[in-house]
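Trainee: just need the structure, nothing else, for what follows:
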Amino acid sequence: MLSLSQYCFSKIKIRLKKLNPPEKTNNSKYLFAGVLIAAIVLIIISLSEKESIPVNEKVLHVWSAETDSLFVKNCYEKYKPQVKDDLVKQETMKSFCRCMLEKVKSKYDEKDLDKVQNADIKLWDTECRNQIKNSGFLK
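Mentor: This is a model prediction of the structure:
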């Protein structure tokens, strides 16, 4: 049997526990750290995906309509003496110039036209000529 003092003491302990529940640990700092780490990982992944452009995907830099027209006009004027009055050759040349425009725009911004490499021009020239030949436009 419990003595009266033991009984009272046990009742006081029970009441104190009810009044002062054990301290709960503050997990909010761990939650914040987890969210922060997840955000950093997400940012790193999204940046790395943007930097890598698939090989087959075309990148087309935006040029002004005026620069587009000027490029095609200058290209056409350069080859005009070779085509003279032959309408088929004139149309072929316009197609070639538009093809070259698309090739240049795929690699360079309008402001970087002075940085176009001769090796690129030669490669694109060959590609555009082959494209025109394979399209059945030239016979």
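Trainee: I figured Asp68 hits Leu101, correct?
Mentor: Yes. In this structure, Asp68 is within contact of Leu101 by C-beta atoms under 8 Å, at 6.3 Å. For the C-beta atoms, the positions are set from N, CA and C on the backbone; glycine is no exception.
Trainee: between these two, point out the one with more neighbours.
Mentor: Leu101 (19 against 15; other C-beta atoms under 10 Å).
Trainee: find the nearest non-adjacent residue to the more buried one, please.
Mentor: With sequence-adjacent residues excluded and distances taken as C-beta to C-beta, 6 or more residues apart in numbering, Leu101 is closest to Phe71, at 5.2 Å.
Trainee: so that neighbour is in which element?
Mentor: Here Phe71 sits within helix 65-83, counting by DSSP states H and E.
Trainee: what's in contact with that helix?
Mentor: Helix 65-83 is contacted from outside by 63, 89-90, 92-94, 96-98, 100-101, 104, 110, using C-beta atoms under 8 Å, 6 or more residues apart in numbering.
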